[in-house]
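Asker: Have a look; sequence and predicted model below, questions after that.
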Amino acid sequence: MYGRLEKLLPNSEIRVTDQDSLEEKFIVRTFTDKSPGAFYLYNRITGKLRKLSDLNPSIRSDQMCKMQPVHFRSADGLEINGYLTLPLGFEPRNLPVVVIPHGGPSSRNSWGFNAEVQFLANRGYAVLQINYRGSKGYGKKFWIAGFKKWGSDIQTDITAGVNWLIKTGIADKDRVAIYGTAFGGYSALYGLCFHPNLYKCGASQAGFVNLFTYIKAVPPYVRPVLQMYYEMVGDPEHEIDYFRSVSPVFHTDKIKAPVLIAQDMKDPRVNVNETNQFVKELKNRKIPITYLVRKTTSSPGPEDQVEFYRQLELFLQNNLKK
């Protein structure tokens, strides 16, 4: 059936998203890196395909940017994969770059339409997404390689990706920003703390500032698998020195670059009081800081997100301009 669908819908990724109980009629979604795609109704018995709707007909694929797979070697020789999206109308030399570490960290970046990436590429930035060790989709060994490496090897992989892009000549070494959400936000703050000369600025959305709090504040439904968290992240009772050494809240003195932080007031995993203290210490050191506090949970609504991206656009524009 997939073979028939691929002939009917060439040059697109295809996903079957729903079906009837007889497995005769199927809802099919298509997409590419430059288009969010469309939904179709496919009749397996008749072989007929009917378009239902475009996901977002206002998006013109000819104005979107190509997402291309890339790979490089980590500091210890591990092959790391990722995706690079280059802005339209620019020579791929000395470009300002936004590095986006994904969340999780047990998730991954995938090829396809990414509105956030297209937003940044549209503003003239090259966007680098890295599937560092600990990402899923590359086998169990690669996934486990990220256990207890949140503040070490995972971050080293991100740094290796940035240095690789600088070495290719695509990235302007003086105009590299790092930005992420949740674990990606933690990685952004980690990069600003421990690689202050690599990044011109950094942004964190709901990023962890303290790994002690991240583990100790797990909600009740997570407690039955808390031991697994200890295996994947670490045990805050017995690995105090490690947790302290890699938690950004204890290393504000190392940050030199401007920072943007978006914090949800009721986020159960990122304590707003700790983030307030983190921001206060940066302000005391005269570090340029943009601080957005949202009166929501960790799932901000559309208005909050639109405001965040307005602020992110302005922040990057002010700090990555020539």
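Answerer: Noted; the coordinates are in hand.
Asker: Surely residue 11 and residue 33 touch.
Answerer: No - applying C-beta atoms under 8 Å as the test, residue 11 and residue 33 come out as separate, 11.2 Å apart. (Each C-beta comes from the backbone N, C-alpha and C, glycine too.)
Asker: And the two? Which one has more around it.
Answerer: residue 33 (19 against 7; other C-beta atoms under 10 Å).
Asker: pretty sure that one belongs to a strand, no?
Answerer: No - under DSSP: H, G, I helix; E, B strand; the rest coil, residue 33 falls outside any strand and is assigned coil.
Asker: can you tell me how far it sits from residue 189?
Answerer: Note on residue 33: its distance to residue 189, by C-beta to C-beta, to the nearest Å, is 29 Å.
Asker: so who does the residue most central in space within the chain touch?
Answerer: Nearest residue to the geometric centre of the chain (C-alpha atoms, centre = their mean): residue 102, 2.9 Å. Contact analysis of residue 102 by C-beta atoms under 8 Å, 6 or more residues apart in numbering lists 108, 109, 129, 130, 131, 135, 180, 183, 184.
Asker: Look up phi and psi at the second one.
Answerer: I take that to be residue 109. Torsion angles at residue 109 (phi, psi; degrees, to the nearest 10) stand at phi -80, psi 150.
Asker: Quick check: nearest residue in space to it, chain neighbours excluded?
Answerer: Distances taken as C-beta to C-beta, 6 or more residues apart in numbering place residue 129 nearest to residue 109, at 4.2 Å, with adjacent residues excluded.
Asker: element containing that neighbour?
Answerer: Assigned by DSSP states H and E, residue 129 falls within strand 126-131.
Asker: Only C-alpha atoms, please: export that strand in CSV.
Answerer: Extracted as CSV, the C-alpha positions of strand 126-131 are listed here (Å, rounded to 0.1, in the frame of the first residue of the first chain):
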residue,chain,number,x,y,z
ALA,A,126,21.8,29.3,9.4
VAL,A,127,20.2,26.8,11.8
LEU,A,128,22.1,23.8,13.1
GLN,A,129,20.2,21.0,14.9
ILE,A,130,22.4,18.2,16.5
ASN,A,131,21.3,14.7,17.4
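Asker: what's the following helix or strand after it?
Answerer: Counting by DSSP H and E, the element after strand 126-131 in chain order, helix or strand, is helix 140-144.
Asker: tell me how far that following helix is from the chain's mean position?
Answerer: 19 Å (C-alpha atoms, centre = their mean, to the nearest Å).
Asker: What are the buried residues along it?
Answerer: If you call a residue buried by 16 or more other C-beta atoms under 10 Å, then helix 140-144 has these buried ones: 142, 143.
Asker: Longest helix in this protein, by number of residues?
Answerer: Ranked by number of residues, the top helix in the chain under DSSP state H is helix 302-320.
Asker: returning to that earlier point: could the contacts of residue 102 go into TSV alongside distance to residue 165 and neighbour count?
Answerer: Putting those into TSV (distance: C-beta to C-beta, whole Å; neighbours: other C-beta atoms under 10 Å) gives the following:
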residue	distance to residue 165	neighbour count
108	19	19
109	15	22
129	11	25
130	10	28
131	15	25
135	18	24
180	16	25
183	21	23
184	17	26
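Asker: Can you lay out the residues you listed as TSV showing pLDDT?
Answerer: Below are those laid out as TSV (pLDDT from 0 to 100):
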residue	pLDDT
108	96
109	95
129	98
130	98
131	98
135	97
180	97
183	96
184	97
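Asker: Fine by me, we can end here.
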